[in-house]
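Peer 1: Attaching a predicted model along with its sequence, questions to come.
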Amino acid sequence: MKIPRFSRKTLCIPYAVFLVFFVIVPMLVIFFYAFTDSNMHISFSNFIKFFSDPTKLSTIVYSLVIALITTVICLAIAYPVAYILARSSMKRKFVILMLFVLPMWINFVLRVNALRELFNLLASLDGMEWLSGSNYFKTVFGMVYDFLPFMILPIYTTMLKIDPSLYEASADLGASGFTTFTRVTVPLSMPGIMSGVTMVFLPSMTNYVVSDMLGNAKVTIIGKFISDYFGNDWHMGSMIALVLLIVVFVSTWLTGGFKSEENVRGANL
Amino acid sequence: MNVKKTASIALAAAFLLPSLAALGGCNSADTIVLRVYNWEEYIDEGGKGTFIYDELHELDDEGEPVKDENGDHVHIQSDIVDEDYLAWYEETMGQKLSEEGPRLLDDFCLWYEKTYGQPIRVEYSTFGTNEDMYNEIILGNEYDLLCPSDYMIMKLAAEGRLEKYDKSFFNASLPENYYVRNVSPFIAKKFENNAGLAIRKDDAGEEIYWKDYAAGYMWGTTGFVYNPAAMDGNLEALLEECDWEIFTNEEVSGRITAKDNVRDTYFAALGVTYQEEAHNQAQSLAAFKAQYDAGELSLSEYNEGITRIFNATDDETISLVEPHLMDIKKNIFSFETDTGKADMVAGKIWLNYAWSGDAVYAIDLAESGVDEDGEASETALLNYYVPKTGSNLFFDGWVMPKGANKQAAQAFVNFLSMPQNAMRNSYYIGYTSVIAGEEQEMLDYADYLYGYYPEEEYEEGEEYEEPVEYDLTYFFYGENYGDVSPILLPAEPEQATSRQLYAQFPPEEVIARCAVMDYYDKEASERINELWSRVKSETLDTWAIIVIIVTVLVIAAFIVYVKFGAKIDFLRPKPKKGYKLVKQEDPNRI
């Protein structure tokens, strides 16, 4: 018996099948539901309703703002950490890195629950009562806590790859530390920043476990909105999901998320 | 090569064999499969914390089994899982009762095979909300038995998705019909008249009644679990005074929760809206109550009146309810589905709008916080309160979707309706079973849980509270029972007015003022969903949205310009006179 030899193309088949059944078909179903009414007739009424309803537009705006704030805070925390870790000659720096990444290994719902209890405890202290009602603050805090490792890791890895001789060259040419940072470090770590931003920004628009548990379900972000609608009205739910998809697509495109594809080589199906 | 091949075949065989054997076990021609789709945690799942386990083990104060010197659990005699019960179990299931608490589903398989001579296997799956279940059904998932709530039974029946129960299922003279013989007459009556909801017709013009499509399982009320120690002991008085309006009362701001689903919270908001004020050609709930108390309205007139109010979904009502819903949102601590119980026991909130079964659970949980000296912490005693101007009465029942295996499904319902099994379920779930028992066996269960006989417990000279007589006649004989000797349970006074007994077996006067939910038709459903999304989200002013959208578009355009401006000819600045625009070279090309 001859052992079959797999070409590169045949090895792609499982993934292609997966892609068709679990990505493309569901997307088409969402598209179908979004543009039909409850009698399954083609209709643009959901589209019109969505864009003429201030509630739905407001929810999108709120989600975007929450996601934006989360991303900015994550970046502000993660960048210095990654920078220090990558450039320092500490012997045990992987321990510090672990401390940031370790929470990722613990179940996410468990962590959010623990944070909720922690907030409850803090809110019972004197002078901290304001915490009990500040649902937006708690939601953003939870998101930052949850997504921080996703920001640190990619930035750290891109910074590790920067050749130290570039810093030396920069210093040789008379650049100050600050100039080196803005002209060498930041541009070269841009790919890491971009992938970090995408990995934080997108999920924090939809992760409603955090807003439900820490925001006491009084904060509604777009993911919760979709889930609520899917209880009763799949058509509007699909329309909202579709709009979200477009928002995500556009923001990925603008941040250059598709760029690397130009260099990808492989079998096209 | 050969060795490798043999090894791989052996490995493959080793992986495949067990699954083949399993397939053979399941698919033997005469094994019936019963597909049951039920709520999460809604049947005795066996093991620790079940009726059988807790009764046959000696437990310490924390509910953990006591161990003897050999490390074995100590088994004890039980007053209710007594010799009769053990003998009944052995006769019904064909084997001895294990002290470890068997799963009720396993017992069903034993019983079914013993009774009908055919092996059966139960495929058991669970859902979290009625709407989730409905979505599964319309997606074409097939089941033999579902357990939806009242309004969802109605919706499924009206859409023609259900099988009717056989006529013979309701024949009380047949020995295998445990349901019809054991169900409470009060519940049976409610199922006969759709609990006072408007009668609908199916496509063939035939009137739809629950009793044709559903057999009851559990039932209960909704109300407030509250902490009587809160506000220096004044919360109870405030709650009595405000009733539904407690939701918008500033004194409990941030200390009360509402449910995170539109059905229950809209219901509550209707209560707030109609409690004192008459709207929309319907008088207020308070006025209805006054008329009923004065004898001007019959029980059914009263109940129909408030049922109409609590099921109003017209535009005018919705616009009346909306501001109240907004006030509720502002006032509450959270919208929750199951965090309320823990927050209540932790003392974080004072009031939790809850289903009666959850209320029993929360009260039990809080009670376990009483320490050994009987010293109660501030949250150790919780009470339950059903709004006096009316609340919600709900039923969960077994229905068979079209194409179900009716014989096995009906046998399952009958099995669950044996009083001994109903006790197990009721103990595990915390809700109230619809079963009363042919010989009022469930009264023994209520007595075992809540019966209060101080003269047996206390020595002479000790002070104790006199027991009150708790009237449960209606549950065992039906409303308007007429001339029967009343069924009275001696109970602690607090149990009868505000604690587990009151929650689990509500008194008749509570039932009288409780309305059942109807389902929303398509238009109503859409209106109420929109209302809910407005309530849950923060709505910005239109001008703010326009400003934001324009800003975003400008930023996007700017980024596009910066990124691609140089590549697109018409975006490049016009060349000066005498110069020519040259096609841009690809900057990436080297």
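Peer 2: All right, it came through fine.
Peer 1: so what's whichever residue of chain A sits closest to chain B closest to, chain neighbours aside?
Peer 2: Nearest residue of chain A to chain B: residue A:216, at 3.1 Å (CB to the nearest CB). C-beta here means a position set from N, CA and C on the backbone, and glycine is covered the same way. Once flanking residues are discounted, residue A:216 sits nearest to residue B:334: 3.1 Å by CB to CB, 6 or more residues apart in numbering or on different chains.
Peer 1: Report the mean per-residue pLDDT for the helix ranked longest in chain A.
Peer 2: Identified as the longest helix of chain A according to DSSP state H is helix A:54-87. The pLDDT scores in helix A:54-87 average 91.
Peer 1: and the helix or strand just after that helix, how far out from the chain's middle?
Peer 2: Reading on from helix A:54-87 to the C-terminus, the next helix or strand found by DSSP states H and E is helix A:93-101. Taking CA atoms, centre = their mean, to the nearest Å, one finds the center of helix A:93-101 at 21 Å from the center of the full chain.
Peer 1: For helix A:93-101, C-alpha coordinates in CSV please.
Peer 2: The C-alpha trace of helix A:93-101 is given here as CSV (Å, rounded to 0.1, in the frame of the first residue of the first chain):
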residue,chain,number,x,y,z
LYS,A,93,12.2,39.3,33.7
PHE,A,94,10.2,36.4,32.5
VAL,A,95,8.8,36.3,36.1
ILE,A,96,7.4,39.8,35.8
LEU,A,97,6.0,39.0,32.4
MET,A,98,4.4,35.9,33.8
LEU,A,99,2.8,38.0,36.5
PHE,A,100,1.0,39.9,33.8
VAL,A,101,0.1,37.0,31.7
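Peer 1: what comes up buried for that helix?
Peer 2: A:97, A:100-101 (16 or more other CB atoms under 10 Å in any protein chain shown).
Peer 1: for those, which one is nearest residue B:231?
Peer 2: Nearest to residue B:231, judged by CB to CB, of the buried residues of helix A:93-101 is residue A:100 at 44.3 Å.
Peer 1: The residue of chain A closest to chain B: what's it in contact with?
Peer 2: A:135, B:333-336 (CB atoms under 8 Å, 6 or more residues apart in numbering or on different chains).
Peer 1: Next: residue B:129.
Peer 2: Shown in contact with residue B:129 (CB under 8 Å, 6+ apart): A:231, B:261.
Peer 1: Could you pull up phi and psi at it?
Peer 2: Backbone dihedrals for residue B:129, given as degrees, to the nearest 10, come out at phi -140, psi 160.
Peer 1: In ChimeraX, select just the buried ones from the contacts of residue A:216.
Peer 2: Restricted to buried positions by 16+ other CB under 10 Å, the ChimeraX selection for the contacts of residue A:216 reads:
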select /A:135 /B:333,334,335,336
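Peer 1: want to throw the contacts of residue A:216 into CSV with pLDDT and distance to residue A:243?
Peer 2: Below are those laid out as CSV (pLDDT from 0 to 100; distance: CB to CB, whole Å):
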residue, pLDDT, distance to residue A:243
A:135, 90, 24
B:333, 92, 32
B:334, 92, 28
B:335, 93, 24
B:336, 91, 28
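Peer 1: out of the contacts of residue A:216, who's nearest residue B:173?
Peer 2: Comparing the contacts of residue A:216 against residue B:173 with CB to CB places residue B:336 closest, at 47.8 Å.
Peer 1: Identify the bridge partners of that closest one.
Peer 2: Taking DSSP bridges as the rule, residue B:336 bridges to residue B:259.
Peer 1: Now do the contacts for it.
Peer 2: By CB under 8 Å, 6+ apart, the contact list for residue B:336 reads A:216-217, B:257-260, B:343, B:352.
Peer 1: Pipe the residues you listed into JSON lines and attach distance to residue B:191 per row.
Peer 2: Formatted as JSON lines, those follow (distance: CB to CB, whole Å):
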{"residue": "A:216", "distance to residue B:191": "38"}
{"residue": "A:217", "distance to residue B:191": "34"}
{"residue": "B:257", "distance to residue B:191": "32"}
{"residue": "B:258", "distance to residue B:191": "29"}
{"residue": "B:259", "distance to residue B:191": "25"}
{"residue": "B:260", "distance to residue B:191": "29"}
{"residue": "B:343", "distance to residue B:191": "35"}
{"residue": "B:352", "distance to residue B:191": "30"}
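Peer 1: List the neighbouring strands of the helix or strand residue B:224 falls within plus their orientation.
Peer 2: Taking DSSP H and E as the criterion, residue B:224 maps to strand B:214-226. Strands that pair with strand B:214-226, judged by DSSP bridges, come out as strand B:351-355 (antiparallel), strand B:383-385 (antiparallel), strand B:391-401 (antiparallel), strand B:432-433 (antiparallel).
Peer 1: Take these and lay them out in CSV including mean pLDDT.
Peer 2: Below are the strands paired with strand B:214-226 laid out as CSV (pLDDT from 0 to 100):
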stretch, mean pLDDT
strand B:351-355, 95
strand B:383-385, 95
strand B:391-401, 95
strand B:432-433, 94
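Peer 1: closest one to residue B:532 among those?
Peer 2: Closest of these to residue B:532 is strand B:351-355, at 16.0 Å (criterion: CB to CB).
Peer 1: For the closest one, buried residues please.
Peer 2: Neighbour counts using 16+ other CB under 10 Å place B:351-355 of strand B:351-355 among the buried residues.
Peer 1: One more: stretch B:37-50?
Peer 2: Buried residues in stretch B:37-50 (16+ other CB under 10 Å): B:37-39, B:42-44, B:46, B:50.
Peer 1: out of the residues you listed, what pair is the most spread apart?
Peer 2: The distance between the two most remote of those (CB to CB) is 21.9 Å, for B:37 and B:50.
Peer 1: rewinding a little: now the longest helix of chain A, how far from the centre of its chain.
Peer 2: Distance, stretch centre to chain centre, for helix A:54-87: 9 Å (CA atoms, centre = their mean).
Peer 1: Show me what the helix or strand harbouring residue B:544 is packed against.
Peer 2: For residue B:544, the enclosing helix or strand under DSSP H and E is helix B:542-564. On a contact count with 3 or more CB pairs under 8 Å, 6 or more residues apart in numbering or on different chains; DSSP states H and E, helix B:542-564 meets helix A:54-87, helix A:234-254.
Peer 1: circling back: how about the residue nearest to residue A:216, what does it touch?
Peer 2: Counting by CB under 8 Å, 6+ apart, residue B:334 has contacts A:216-218, B:257-258, B:340, B:343.
Peer 1: in the stretch 251-400 of chain B, which spans are helices?
Peer 2: B:262-274, B:285-293, B:299-310, B:315-331, B:339-345, B:356-367 (DSSP state H, counting those that start in this stretch).
Peer 1: same deal with the stretch 101-250 of chain A?
Peer 2: Under DSSP H, counting those that start in this stretch, the stretch 101-250 of chain A gives helices at A:108-123, A:130-133, A:135-161, A:164-172, A:177-180, A:186-206, A:208-213, A:222-232, A:234-254.
Peer 1: which residues are contacting the first one?
Peer 2: Meaning helix A:108-123. With contact meaning CB under 8 Å, 6+ apart, helix A:108-123 is reached by A:103, A:128-129, A:131-132, A:138, A:141-142, A:145-146, A:209-210, A:213-214, B:343, B:346, B:348.
Peer 1: What's the per-residue pLDDT of the residue of chain A closest to chain B here?
Peer 2: Looking at residue A:216, its pLDDT stands at 88.
Peer 1: now the one 4 residues further on
Peer 2: For residue A:220, the pLDDT comes out at 90.
Peer 1: Same question for residue B:370.
Peer 2: If you check residue B:370, the pLDDT there is 59.
Peer 1: And for the one 3 residues further on?
Peer 2: Listed pLDDT for residue B:373 reads 54.
Peer 1: okay, the buried residues of stretch B:37-50 in CSV with distance to residue A:231 and pLDDT next?
Peer 2: Formatted as CSV, these follow (distance: CB to CB, whole Å; pLDDT from 0 to 100):
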residue, distance to residue A:231, pLDDT
B:37, 17, 96
B:38, 19, 95
B:39, 16, 94
B:42, 20, 93
B:43, 24, 94
B:44, 29, 94
B:46, 32, 90
B:50, 32, 91
